[in-house]
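Colleague: Coordinates for the following, if possible.
(chains A, B and C)
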Amino acid sequence: MNTLPQQLANGLLLGSMYGLIAIGYTMVYGIVQLINFAHGEIFMTGAFGALTVYFYILPGGTSMWAAVPLMLVGGGIVAILVAVGAERFAYRPLRQAPRLAPLITAIGLSLALQEVVRNFYPGADKARAFPSLDTTHDLGSVTIKDADIFLIVAAAVCMSALAWFVRKSRTGRAMQATAQDPDTAQLMGIDTNRIIVVAFAIGGFFAAVAAVSYGLKYGNIDYRMGFLMGLKAFTAAVLGGIGNIYGAMLGGLVLGIAETMAATYINNIPGMQQLGGQSWANVWAFCLLILVLLLRPQGLLGERVADRA
Amino acid sequence: MTTPVLEARDVTMRFGGLTAVRSVDFTVNSGEIVGLIGPNGAGKTTFFNCLTGLYVPTEGTVSYQGKVLPPKPHLVTKAGVARTFQNIRLFANMTVLENVLVGRHTRTKEGLWSALLRGPGFKKAERASEERAMELLEFIGLAHKRDHLARNLPYGEQRKLEIARALASEPGLLLLDEPTAGMNPQETRATEELVFAIRDQGIAVLVIEHDMRFIFNLCDRVAVLVQGEKLVEGTSEVVQADERVVAAYLGEPFEGEPADDTGTAATAEETDTADETDAAPAPPETPAAGEDTGPDTAEPDGTGPQSTASTKGDTP
Amino acid sequence: MTETTKTPDTPGTPSADAVIAPDRQGLIPLPAAAARALTLVGGIATVASTFLAWTWTADFPGDLTVYGYPGGLQWLTLVGGALVALFALAGYGVRGLGWLAPAGPTGPAVLTALGALGVTWYTVIAIAVELGGLVNLEPGGYVAAVASLTTVIGAFGLPAGADETRRAKEAFTAYLKAHGRSRLRLAIAGVKFLNAYIGKPDHIAAPQTVPGWLQRLAVTAVTMAGLGIFSYGIDIPSEEGETFIGYLVVIVFAVWALHTAGLLDRFSRLVAAHRGFALAMGFVAAILFPFTQTDDHYANIGVNILIFGTVALGLNIVVGLAGLLDLGYVAFLGVGAYTAALVSGSEFSKFSGVQFPFWAAALTGAAASLVFGVLIGAPTLRLRGDYLAIVTLGFGEIFRIAVNNMDGVSGPDITNGPNGIPSIPDLSFFGFNFGTAHDLGGFTIGRFANYYLLMVLIMAIVVLVYTRAADSRIGRSWIAIREDETAATAMGINGFRVKLIAFALGATLAGLAGTVSAHVTYSVVPNPYQFAGAAPPNSAFLLAAVVLGGMGTVAGPLLGAALLYLLPEKLVFLQDKSLLAFGVALILLMRFRPEGIIANRRRQLEFHETGQLDVPQQTTLTDEPAVTKAGA
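Modeller: Model (predicted):
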């Protein structure tokens, strides 16, 4: 049987998740030229926020139709609070500091968030079960789960909404102006602090959407889930051209498909029999990042990687 | 003496659809002090970046002492063209002496191994470098502050130190980007003296400046850049007398104005010296952002601080 | 963008104030004579109290039940009390003690008194809490508590400069006004108050010239004292967490006091004057360390501190000098360790037949790390710095995944997967087997002590590489790149090239250290070589060590690694939280004290007698971020 369509679908699904997270990296980067390393952990806290809603707030036996939207709200609130809090208390005081300072802060934040969840969330030192949507549908040669449908719909809705927001809304246009030149934007009466907060908040919310999808799809979450996902979402953002929101989505999809293909097919290549599978797929994703940086550092849709010193 | 040191031939710089610099021919001869002036957004900085290797000109060549300059800033410096920055860019946490020693980088070649092994050659080279650096510090009058951190120097001394650092690379041509910005009249006069002294050492100097009085006092020749094109070139008297220059500065239309370029040239100017370390030409639009905000938002920033600088220079 | 630094908002006092005028009053309005007497008597009483029993049962760690002999925490109280008494005597102008406080004795007296108070009250409260009630205190405990409180009252009554008092009050109220009140804010304001109150003058009088041999003697004495203090700390058993906390309290306050007394400035002057000698003494002290130990377990702690310190110093070339954030640094250590393990002759190695002599294994390990360094660095270093951070983070993770999977089942058979490569044979040089204990002049040098001595040698190499590279054309170009890459390029520096050299050099040194660490630990397994993990060396640990200790310094990363390794080792309750602490520490340090404990370049600046405004940062030697405001 031909596995290609199924693998393509898997890649697309994985890629949408990367894309949703990558939005957070790319928006923040576009505006303040900061790689928010802690974004993977914001994704993780979003998942735990949603889990909290399901297990500790909603009464047992709530139908998933009611639960999922509420989990999105809960996860979104947590992720937005963490993201905005990080901006306000960790990054903002360092905006004029040498470049290494915010990067190190981001690393510290990432560690701290992981450890806070591990130490203080009940049972979070091991993987925790997450309500999953496992009902499968056969579409010809492709089988997908309810969770996959949720993911694809959520990603599409989020992306369209974001595209509309950035183009049409007043805040969105202010955001573009700030991305181009924060100082001038400020002179023009744009409250750049507010814009930056909005960017962090949108990134946080999208990460929460991705986190809920992740939980529904894989059925469990743990405190380290943000690390690799964050790393790969960043790869996706670079792949698509960091700073470009469409690039983030495109990069996510390309990366997801490439990774799935590598995991499935690379062991068919003579001499590489043992290099397939999920663990090695991470390695291939990383090799892809190195290749992109080598060949097209501005990314697929990016236009410049200028150093704003 | 009219051997050309720097020759820019037909230099054109385009960013996407915009032309920031349009077929500019420009020469600096040895022993000369040349000024480059022009209203904001005239493409001075872009042109400057073409000279220093930050941008690769879309068309035309820049050559130094007859050789075409490679499009990498560090190679340009190595070839013998040193520069200073409009907004002072010293190594703030290094000492005054160390700043100048960094300037000696291209004229020394001790690598990692020689630093680790510390042979006699290394010590000799270090000592020679230090002696040369101290000579330069004495030349600009900062020898007594050799061990101060650069960031603790007063503004005027920082400017001087930046010049000393540039001189340390033993250039044949020194490019000064607004050397008197933010200075009071006394400091400006001192800078004037310093530039003359540098010229007397046989180093040609190219100055970009807004302060007209400073430029006309200083320069043997002045070129005026307006909207990416060279409008006039000549002695101070010639340039001062040219009514097109006056018109350009006062913003009145003049003959042959390329009508559509006003906004775009300003945008190109916006991609300032600060903007890039990669040599790739940087289109002024950030990818994610649309077209609608770009040129409009760019304008006020460009005019604000610079115009105040020029009026300050003109009043006394 | 160039770094802009605010001027410290609580500058020190003019040097003239170091001489105490009699009409000046301290915070507590006491006649100067009474305050001095109170401090001195309190200090002596504190010392005396440690010869009494503080509790009735030996259940409390350190056995504080003996009359006539101090034990455990009492020793620390004794040290604190003795220091107060000394500074109090110096305040009396006792001949021969003037050198103790070139910058005036009031600040140091206050600080040592607070230190003594801290350790004493901590002990007394810990006894009451752990043993369940005040009844567990013997009279000696009460005496100690009262005596130490007396010293503090006396010390705050000591005449302080009017300026300091005023400034301190201003700093306190200004902070609260700006930030509002809460318990945390109140504590921060308290530290700000204290810092201004005991502020060290910017310039202290130059010391009398003493003969060179005396200076060298002083350097030797201080180094040996340092060795003694360090050994004492290492020897505190990990069951006695309380004692270790007391130890830290005394050290922090004592060092802070020495700083305010101006003694640290004097000492750094001495070190600068006799640089080679001081460095040599440092290494002598390091070599002597195993001879002070009776148990090889402590030499194991020592060798681990050396390994991690050395690796952190290598990372400091990359992060501190060149300003490149390398988040996968530990992977290079892993590459070195795995390479050494593969060619060690271990029967579990894929190449079990191969056994390189150590020098060859070390070179191979270093070379392998170098290759990976160039492979990772070359594509990324052309781009702006942030990319390097994330690519190295990825590389670190990939390294872990790869070694975990190269077990012949889910990947090629090279590293034996999660089981790693065990049974790495011990090293042997010229018949000297590192695996067995040797007797050396009456001292037994155990297995770990052998490796410890080898590691001292490796560290010496790395220190030499670091200092020589830093003070040269290439080192200057690294710093220039770190400060302002655009300007550096305009000065003719090929940014890519010098960054690659720094990155590759750092990788090579890590690989070198890795080869030794593989032999020390008998086996290599994937687990320690990841970004963040429970046990060092992970990249987060190394980065935290560099940042905490002080980026761009030699001593900083060593100190940072020692602290970060010892704290969880000695304070068992911290073990589970150490990563959390690293994370929080990184955030707070960047916010409040980016230069770390040991501020770089301050040494040079203090050699100026020109009256310049240069002394740029506050130079307090504590790791409490709130203590300092400068440079944030």
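
Colleague: Run through the helices of the stretch 1-150 of chain A in chain order.
Modeller: Using DSSP state H, counting those that start in this stretch, the helices of the stretch 1-150 of chain A run over A:4-32, A:39-52, A:64-85, A:100-120, A:146-168.

Colleague: Report whether the third one contacts chain C.
Modeller: No: figure legend: helix A:64-85 not in contact with chain C (CB under 8 Å from any CB of the partner chain); closest approach 11.8 Å. In this view, the C-beta of every residue, glycine as well, is placed from N, C-alpha and C.

Colleague: One more: the second one?
Modeller: No: using CB under 8 Å from any CB as the criterion, no contacts between helix A:39-52 and chain C are found, and the smallest distance is 9.9 Å.

Colleague: what does the average pLDDT come to for that helix?
Modeller: Per-region confidence: helix A:39-52 scores 95 on mean pLDDT.

Colleague: tell me the angle of it relative to helix A:64-85?
Modeller: Orientation check (axes from the mean of the first three to the mean of the last three CA atoms, to 10 degrees): helix A:39-52 against helix A:64-85 gives 140 degrees.

Colleague: show me the contacts for residue 301.
Modeller: Picking chain A for this. A:G240, A:G241, A:N244, A:Y246, A:G247, A:L250, B:P287 (CB atoms under 8 Å, 6 or more residues apart in numbering or on different chains).

Colleague: was after chain C, sorry
Modeller: Contacts for C:I301 (CB under 8 Å, 6+ apart) come out as C:I234, C:Y565, C:L566, C:E569.

Colleague: Give me the mean pLDDT for the helix or strand where it lies.
Modeller: If you go by DSSP states H and E, C:I301 is part of helix C:296-316. Average pLDDT, helix C:296-316: 90.

Colleague: cool, and stretch B:154-170?
Modeller: Over the span of stretch B:154-170, the pLDDT mean works out to 92.

Colleague: same thing with stretch B:57-72?
Modeller: For stretch B:57-72, mean pLDDT is 88.

Colleague: residues in contact with that stretch?
Modeller: With CB under 8 Å, 6+ apart as the test, stretch B:57-72 has contacts from B:5-14, B:21, B:23-24, B:50-51, B:53, B:55-56, B:75-76, B:79-81, B:172-173, B:279, B:281, C:494.

Colleague: Between which two of the contacts of C:I301 is the distance greatest?
Modeller: Largest separation among the contacts of C:I301 by CB to CB: C:I234 and C:Y565, giving 10.4 Å.

Colleague: among the contacts of stretch B:57-72, which ones are buried?
Modeller: B:5-9, B:11-14, B:21, B:24, B:50-51, B:53, B:55, B:75-76, B:79-81, B:172-173, B:279, B:281, C:494 (16 or more other CB atoms under 10 Å in any protein chain shown).

Colleague: between the helices of the stretch 1-150 of chain A, which gets nearest to A:I290?
Modeller: Between A:I290 and the helices of the stretch 1-150 of chain A, the shortest separation by CB to CB is 17.2 Å, and it involves helix A:4-32.

Colleague: how about the nearest residue to B:A166, chain neighbours excluded?
Modeller: Closest residue in space to B:A166, ignoring its immediate chain neighbours: B:A82 at 3.8 Å, by CB to CB, 6 or more residues apart in numbering or on different chains.

Colleague: Among the contacts of stretch B:57-72, name the ones in strands.
Modeller: If you go by DSSP state E, the contacts of stretch B:57-72 have B:5-14, B:21, B:23-24, B:81, B:173 in strands.

Colleague: and these, which two are the farthest apart?
Modeller: Pairwise distances across the ones in strands among the contacts of stretch B:57-72 peak at 26.6 Å for B:V5 and B:R14 (criterion: CB to CB).
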